[in-house]
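> no FASTA, just this:
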Ligand code: ATP
Ligand code: MG
């Protein structure tokens, strides 16, 4: 992995254990640094755009960015931020909501697998299969699933331990198939969440974002965080690391997300495809055709110039040409007579 700087201390790859209480939610950055940090973010976005172009052209590796968070932690604005920096042709976004009846009738990775992007693409998952070990565990949804006894007659703890194993294996499977997975938990403080909820209630343009049910999840804040911590520790690995990012200042979160995406792309180091010999020959032929086209156009221009001359000038040029031709023929005949005489 290309060396991370500011995001390094938020990375969990299985070597270090997450204690969510020990993590900061505001990045310990000063407001005065905002302008510099936003400028750095812009520079990174340009680098990301250039690398994304190569990733797409190369088409050998895909990137999946997973966003998980409590409500109002800034998932949507992070998606917008990532999207604003890249060519939309090479990115897709998938949001995972409460499963439909059809989705519940299948295994929990069924709906996810349909959203795995083609290699060369970047996919952003706004929530993901992690909901199936987070909200599902909090609400003990395992007790509600329509599945055989052998699958659900175990303790809730045992049930989700198995899911962690599934997820580790699934992420390994994706890695073996040419994907990089980056998992981001936007770690917002309870205080900041309250502020954002109140904004959603007070500002009419944000009313649509408020969902009274979000207060239920807020009421279970500590339990939710325990479950997050457990899930991160059970599924963090070098091939699919977690980043527990401070989310109270969106401009700083976006800076860190840019750094992580940039370093991931630098690690992939995608290359524009090299042409084989036949393709090179074919391209040379095409170049010649195009160059000839240019010459034809030039001649056309010359004729076009003559056509535009006044009639007297045209007849003068014609007579001049005729005289030149006649002089040339006469000179040729004379030369012929001389050689005959010599013989
Ligand atoms: P915002 O942060 O803006 O509120 P959101 O991602 O919460 O956006 P919503 O439509 O409000 O979007 O909520 C989606 C809901 O779907 C979440 O409460 C989430 O926990 C729930 N959900 C997602 N996947 C699952 C799942 N597999 N099982 C149960 N619930 C799920
Ligand atoms: Mg919500």
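Cool, got the structure. Since the model is a prediction, treat every value here as computed from it, not as a measurement. Ligands and ions are numbered 1, 2, ... in the order given.
> got the residues of the stretch 1-150 of the chain near ligand 1?
71-72, 75-76, 96-99, 127, 131-132, 135-136 (C-beta under 6 Å from any ligand atom). (Glycine included, C-beta is placed from N, CA and C.)
> where does the prediction get shaky in the stretch 151-300 of the chain?
296-300 (pLDDT under 70).
> now with 80?
294-300 (pLDDT under 80).
> just give the nearest non-adjacent residue to residue 141, would you?
In this structure, residue 141 finds its nearest non-sequential neighbour in residue 135, 7.5 Å apart by C-beta to C-beta, 6 or more residues apart in numbering.
> oh, that last question was meant for residue 55, not what I typed.
residue 270 (4.3 Å).
> which of the residues of the stretch 1-150 of the chain next to ligand 1 fall in helices?
75-76, 135-136 (DSSP state H).
> which of these sits closest to residue 228?
residue 135 (10.7 Å; C-beta to C-beta).
> and the gap between that closest one and residue 143?
Look at residue 135 and residue 143: by C-beta to C-beta, to the nearest Å, they are 14 Å apart.
> mind checking which of the two has more residues around it?
residue 135 (16 against 9; other C-beta atoms under 10 Å).
> which pLDDT value belongs to that one?
We have a pLDDT of 97 for residue 135.
> name the helix or strand for residue 68, please.
strand 62-69 (DSSP states H and E).
> what residues does that strand touch?
Here strand 62-69 makes contact (C-beta atoms under 8 Å, 6 or more residues apart in numbering) with 55, 75, 78-79, 82, 116-128, 130-131, 134, 174, 178-188, 228, 247, 261, 264-265, 268.
> ends of stretch 97-115, how far apart?
13 Å (C-alpha to C-alpha, to the nearest Å).
> which positions within it qualify as buried?
99, 103, 108-109, 111-112, 115 (16 or more other C-beta atoms under 10 Å).
> check stretch 220-227 too.
Buried residues in stretch 220-227 (16+ other C-beta under 10 Å): 224-225, 227.
> output these in CSV; the columns should cover distance to ligand 1 and secondary structure.
Listed next are these as CSV, based on distance: C-beta to the nearest ligand atom, whole Å; DSSP: H, G, I helix; E, B strand; the rest coil:
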residue, distance to ligand 1, secondary structure
224, 10, helix
225, 15, helix
227, 12, helix
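> many thanks, have a good one.
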